[in-house]
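# My questions are about this predicted structure, shown below with the sequence.
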Amino acid sequence: MKTSSSSLCIVFIFIQTINGLYEDQIGKFDWRQQYIGKVKHAIFDSTGKKIVVGTEENTLALLHAGTGKIEWRHLLGSSAKSTITSLFLLSNGKVASVSNFPTIVRVFDVSSGILQWETAVAKDIQPVLCKWSVSKRDVISIEINPSRSGYDLRLTEYSATSGTENVSPATELPWFTPGTNCQLVFPHLVCLHPQDDAVNIVDVRNSDTHQRIELQYLGITVGAGQLVTLGVTKNFVSLRTTGTFSLYKVTDEGLQRTGAEWPSETVLVSVPTVKDTEARGQYMAALIKREKNYSVRIYDLETDQVLDDVSGDMKLPDQAGEPDLLSTFLMRKPNGELSYRYAISTTDDSFHYGSKKEVYWTREEALTSIVQVEMVDLPVSSIEASIEEEFGSDQPLSGILGHTIRRLSSQFRQLLIVAQQLVAGQISLVHRDAVGSNSKALERDRFGLHKLILILTRPGKLFAMDTLSGRIVWQRLLKNVNTDKVRLYVQRTSIHYPLEPQCTILAKSSTSNQAVLFIFHPITGEPAQFGSEGYVNLSYNVQQALLLPQNEETEYMKPLLLLDESAAPHVFPPTESAINHVVKMSNNLFMFVADTKSCVLRGYSLAKSRADQLSSAAVWQLQLCSSSDSVEEEIVSIVSRHPEEKVFSQGRVLADRSVLYKYLNPNMVVVATAGTNHPHHRGYLNLYLIDVVSGAVVFSTSHRRVQSPYHVVYAENWIVYSYYNEKYRRTELSSLELFEGQTQSNSTAFSSFSAPQPLVDRQAYIYPAHITAMKDTVSEQGMTAKHILLGLTNGWIQEMPRAFLDPRRPVVAAATPEMREEGIMPYLPELPIPAEAIINYNQTISNIKSIYVTPSSLESTALVFVCGLDIFFTHVTPSRTFDVLNDDFEYGFIALVLIGLTLASFITKRLAGKKSLRQAWK
């Protein structure tokens, strides 16, 4: 008996309460999509069913050729500079990758993705040239380093099975000069200097076997060649001039030209992976441009003939870029005919797989390099549109008769729409398997949870994604645009029916080097009726842009105010109503421009020069960085409040029922500068709160011995920022909160010229993880509690209540009953990371870069979009769902209770009537 009692006690001791997620809730309000990044290397395996790829995101992955799905994926480093420079498929079913910064060689098993071995390549000095290749048994590296007599070549061999390193003695290269373009076709190194008239070939195992071949002997115009390798394990090089393209096989005797006629329009060439081992090295594939389309030609190198029955045209999707990588696979059909498959990477970062007939699948890897995200409302449904038309103010018929006719016609149209929807619903019910569950119409829902995500990427590709399913609704590739600096502005949403929504992209033209605007419809992606196909070329460069408020006069179009390099203001669209609207509010318009390198901020005021013209004048200038040569400092972040943020409470009620009013300055921005002190090489961070109307520095603070990454969040009257503390080697979060005091200076309007100096509370906390992104939640009316979303290096997204970062949190000994009554928690230096606060549960997001938050029509709910190597979408409810019923609400049970109460009331009434009647007859 004692044994059983002891066992029960032990069981109860180890019982703990946990928070979990029901299985049916997974993927209900969230979705995740995994990507690999811009493909730089692609190799088919020997079966053609798998594709090994290496990307710019330093990611090595294996793709299924039939579906394009990721079989396995490895992120080989988180450094922004690190990338895969070389990729080789070994003969023993292994794949070797070489990454730089630092240089690391890794070998993986292709089928399982398991790491076999890795080694870091230590370099005393940075080599002038470094090339990699493979042999049957080894991974080969050659380095050319400067020496006393000129340049030396060093050969290093790594065993493909164990990684054992074998370094050969250095040999001299007296003919090598800086700027020489060299390619390693093991065991030969082929080099060509742009200003030389000969090709130099040397055996890296014996540098005495140097050959110099004149370009004229090869039939190439002197000085016009460019050397390109054609395969990572094949012995081919190519020479391209302005009008010719030639292919050569590298042998011990020199360069042997292939007899095939290669068109000058040849864009890319590839040595195909061949399923038949006896035919490997016999064929060559070439991608040739034909006006708008491309063709794939297969060459038989033994007969020097083009296989016309195998070659064919290739048509990429309309919104694809130019090809910059080609990998092919050749196989024989059951009837003995040759057939090919290709994998192509394009300049828009998309990756395509197809055959002679069609493109089978496409991976949009541009979604790994997102620049900006906007979530826009969808249009109303057909029934709601009919109601809007019924009560429209611009109807031709008026009076009682006109209203009656509009009402009857509108209800008749609504009846037809309902009938059509019923028929469509019955058809989809019958064909439930054929219609996907995500194929919902693009219509606004009741709570504003169904939106369209507009995504602008660094390659200049624009996507629209559905928040319910994550499917790409439409995509568009910007033409002749430099996407180094590009911004997306939502000028009018679909709320203002029947006015069409409009969005504008501001970028720099790659042809004229001037600013260019692209105007489009956000729901359909079609270009607007402006300029040429939606493009409006401006005659000036833009240094600042500001989206102004809308009103009925501008037809609810937000004017875009542009400030050019000469500080002259411009308005887009240049309509009379928009210009008049801006001119009327010009006395209250201020803009600022920041130079991140020199840390100079300039403020401008706008004024009306003539009846319909604007002018600007510089009113203030700030120099934030030190002018000393021993200090390197620049602006790392400029943060303003969320444009859709609303402040629900003007102050905080204290325990004595007095009010501590918030310092709510709508003109204040947070500017963070960071630098390094040269004598000690110690980093520092300076934070400035600047009023951009008056140019006044409201508050500033400094942190010494800190490093990046730096992240800043600014909302209402508080600022939270993070940094890495070099001294204690940890991530810290600092919190600032600004108050006016217990008297409010002006309750109706805020003036930057008469604003009081704020009272600043500040506090710092220790965070036990590394932060890669940080953002605050936003709600429709600002009533919901503020939470801060933290993206971590391990792929988690933590939702932290802002109360944990309250700078007024007192130490335990100094906590007073009044503070407890206010609900202020005692101060603890370390912040927790509870498992239930991770909003992406087990859906790890690799390499988180940024977080975007948009309010929904529900006050309790905000929409969150996280992007990195993967993208993730979900809903967050910081104050729980106080304004909507839960999904597991028992509607049937409540209905039964109401029906029962109704029946009971009737029965009770009848019984009470009979009882009163009997008593009346007594």
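Nice, thanks for sending it over.

# ok, which stretches of the stretch 451-600 of the chain are strands?
Listed in chain order, the strands of the stretch 451-600 of the chain (DSSP state E, counting those that start in this stretch) span 451-457, 461-466, 472-477, 481-492, 502-509, 515-520, 535-537, 542-547, 560-564, 569-572, 590-595, 600-610.

# The third one - contacts with which helices or strands?
It refers to strand 472-477. Counting contacts by 3 or more Cβ pairs under 8 Å, 6 or more residues apart in numbering; DSSP states H and E, strand 472-477 is packed against strand 461-466. C-beta here means a position set from N, CA and C on the backbone, and glycine is covered the same way.

# Compute the distance between Phe882 and Gln420, please.
37 Å (Cβ to Cβ, to the nearest Å).

# Can you tell me which residue is spatially central in this structure?
Central residue of the chain (Cα atoms, centre = their mean): Ile370, 2.6 Å from the mean position.

# in the sheet, who's paired with the closest residue to Asn537 other than its chain neighbours?
Spatial nearest neighbour of Asn537, chain neighbours left out: Val516 (5.3 Å); criterion: Cβ to Cβ, 6 or more residues apart in numbering. Val516 has these beta-bridge partners by DSSP bridges: Ala507, Asn537.

# so Val516 touches Val486, yeah?
No - judged on Cβ atoms under 8 Å, Val516 makes no contact with Val486 at a distance of 9.9 Å.

# what touches both of these two?
By Cβ atoms under 8 Å, 6 or more residues apart in numbering, Val516 and Val486 have these common neighbours: Leu506, Ala507, Lys508.

# SS state for the residue nearest to Asp806 when sequence neighbours are not counted?
Excluding the flanking residues, the one nearest Asp806 by Cβ to Cβ, 6+ apart is Ile824, at 6.3 Å. What DSSP: H, G, I helix; E, B strand; the rest coil gives for Ile824 is coil.

# isn't Ile455 right next to Phe463, touching?
Yes - Ile455 lies in contact with Phe463 (Cβ under 8 Å); the separation is 4.3 Å.

# who's more crowded, these two?
Neighbours per residue, other Cβ atoms under 10 Å: of Ile455 and Phe463, the larger number sits with Ile455, 25 against 21.

# Contact partners for the more buried one?
Contacts for Ile455 (Cβ under 8 Å, 6+ apart) come out as Leu367, Ile370, Gln372, Val373, Leu462, Phe463, Ala464, Met465, Cys867.

# For the stretch 301-450 of the chain, which segments are assigned as strands?
Using DSSP E, counting those that start in this stretch, the strands found in the stretch 301-450 of the chain span residues 305-306, 312-314, 323-332, 338-346, 350-355, 359-364, 370-377.

# helices and strands around the second one, which ones?
Applying 3+ Cβ pairs under 8 Å, 6+ apart, one finds that strand 312-314 contacts strand 293-300.

# Note down every partner strand of the strand it packs on and its orientation.
Strand pairing for strand 293-300, using DSSP bridges, gives strand 283-290 (antiparallel), strand 305-306 (antiparallel), strand 312-314 (antiparallel).

# taking those together, which one is wrapped up most tightly?
Of all the strands paired with strand 293-300, strand 283-290 carries the top mean neighbour count, a mean of 20, counting by mean count of other Cβ atoms under 10 Å.

# Just the CA trace of that strand, in CSV.
Output of strand 283-290 as CSV, limited to C-alpha atoms (Å, rounded to 0.1, in the frame of the first residue of the first chain):
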residue,chain,number,x,y,z
TYR,A,283,25.8,16.1,-76.0
MET,A,284,25.6,19.9,-75.4
ALA,A,285,22.5,22.0,-74.8
ALA,A,286,22.3,25.7,-75.8
LEU,A,287,19.6,28.3,-75.0
ILE,A,288,19.2,30.6,-78.0
LYS,A,289,17.1,33.8,-78.0
ARG,A,290,14.6,34.3,-80.8
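
# What mean pLDDT does it get?
On average, the pLDDT along strand 283-290 is 86.

# what's the angle between it and strand 323-332?
Angle, strand 283-290 to strand 323-332, by axes from the mean of the first three to the mean of the last three Cα atoms, to 10 degrees: 130 degrees.

# now what about strand 283-290, what contacts it?
Here strand 283-290 makes contact (Cβ under 8 Å, 6+ apart) with 230, 236, 247, 258, 260, 262-263, 265-272, 274, 294-301, 307, 313-314, 323, 326, 328, 330, 340, 342, 344.
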